[in-house]
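[1] model the structure of this input:
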Amino acid sequence: MGLLSGIAMLPLAPVRGVVALAEVIQRQVEQEMNNPANTRRQLEALEEARERGEITPEDEHEAQQQILQARVTPAAPAQSPPETG
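    Down below sits the predicted model:
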């Protein structure tokens, strides 16, 4: 980047920083959601809740399906607002 373009783009530096931070956060969330250990913990918590009588076996099965479906179905990508021009 040249000196003049660097100076001209300087006011956009905070915006680029926020975008970079949002990308880092998105990658971290995706890693967390796709971590098999988290899925295992969620399923174990359901089983423990059923054993304590807090939920019914039917509720446990339904929640298991939701957890497993979330692992199989990727989250929808963030939609950018339509450009006006």
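[2] and the helices in the protein?
    Here the chain has its helices, by DSSP state H, at 3-9, 13-33, 36-51, 57-72.
[3] gap between the residue nearest the centre of the chain and Val19?
    What sits nearest the mean C-alpha location of the chain, by CA atoms, centre = their mean, is Val29, with 3.7 Å. For Val29, the distance to Val19 (CB to CB, to the nearest Å) stands at 16 Å. In this view, the C-beta of every residue, glycine as well, is placed from N, C-alpha and C.
[4] same check on Glu54?
    Noted for Glu54: a distance of 43 Å to Val19, by CB to CB.
[5] what does His61 give?
    42 Å.
[6] just to revisit the earlier point, mind putting the helices of the chain into TSV with mean pLDDT?
    Converted to TSV, these look like this (pLDDT from 0 to 100):
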stretch	mean pLDDT
helix 3-9	81
helix 13-33	90
helix 36-51	91
helix 57-72	88
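[7] look up phi and psi at Glu54.
    The phi/psi pair for Glu54 (degrees, to the nearest 10) reads phi -80, psi -30.
[8] burial of it, as a residue count?
    Using other CB atoms under 10 Å, Glu54 has 11 neighbouring residues.
[9] same check on Pro14?
    What Pro14 shows, counting by other CB under 10 Å, is a neighbour count of 9.
[10] next: His61.
    For His61, the neighbour count with other CB under 10 Å is 13.
[11] report the buried residues of stretch 26-37.
    By neighbour count on 16 or more other CB atoms under 10 Å, the buried set for stretch 26-37 is empty.
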